[in-house]
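Participant: Prediction below, plus the sequence it came from.
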Amino acid sequence: MTNTELRTKNTEELNQELEALLKSHFSLRMQVAMQQLAKTSEIRKVRRDIARVRTILREKA
């Protein structure tokens with residue numbers, strides 16, 4: 001997700017996006033623990049998306 005897409009969303013939509021990303025991050029971590037994840041780079045992408053969303057939420061606050 002790009003910054004411009006995130007900036008057009010309101011606070012409620014950003015909170016929903018953050019919740020979905022956190023669930024995805026947890027799921028990916030569990031897959032790594034069980035050695036079922038082939039693309040470990042996905043974790044890094046999700047973590048950066050989480051950081052983007054949190055940054056934009058702080059800017060709007």
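Facilitator: Now that the structure is in, tell me what you want to look at. Residues are numbered from 1 along each chain as shown.
Participant: okay, CA-based contacts and neighbour counts for the rest of this
Facilitator: Noted.
Participant: Spell out the residue ranges of the helices in this structure.
Facilitator: Using DSSP state H, the helices of the chain run over 3-7, 11-33, 41-60.
Participant: can you put the ones you listed in a markdown table and add mean pLDDT and mean neighbour count?
Facilitator: Output for these, formatted as a markdown table (pLDDT from 0 to 100; neighbours: other C-alpha atoms under 10 Å):
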| stretch | mean pLDDT | mean neighbour count |
| --- | --- | --- |
| helix 3-7 | 88 | 12 |
| helix 11-33 | 95 | 15 |
| helix 41-60 | 94 | 14 |
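Participant: count of neighbours near the residue lying closest to V32 once chain neighbours are set aside?
Facilitator: In space, and not counting its chain neighbours, V32 is closest to T40: 7.5 Å by C-alpha to C-alpha, 6 or more residues apart in numbering. Each residue near T40 was counted by other C-alpha atoms under 10 Å, and the total is 13.
Participant: for T40, phi and psi?
Facilitator: Backbone geometry at T40, expressed as degrees, to the nearest 10, gives phi -70, psi -10.
Participant: distance of it from L28?
Facilitator: When distance is defined by C-alpha to C-alpha, to the nearest Å, T40 is 8 Å away from L28.
Participant: follow-up on the earlier one: how close does the residue nearest to V32 get to Q31?
Facilitator: Counting by C-alpha to C-alpha, the gap from T40 to Q31 is 9 Å.
Participant: Pull the contacting residues for S24.
Facilitator: V46 (C-alpha atoms under 8 Å, 6 or more residues apart in numbering).
Participant: 6 Å instead, please
Facilitator: S24 is in contact with no residue at all, counting by C-alpha atoms under 6 Å, 6 or more residues apart in numbering.
Participant: how much space is there between it and E17?
Facilitator: In terms of C-alpha to C-alpha, S24 sits 11 Å off from E17.
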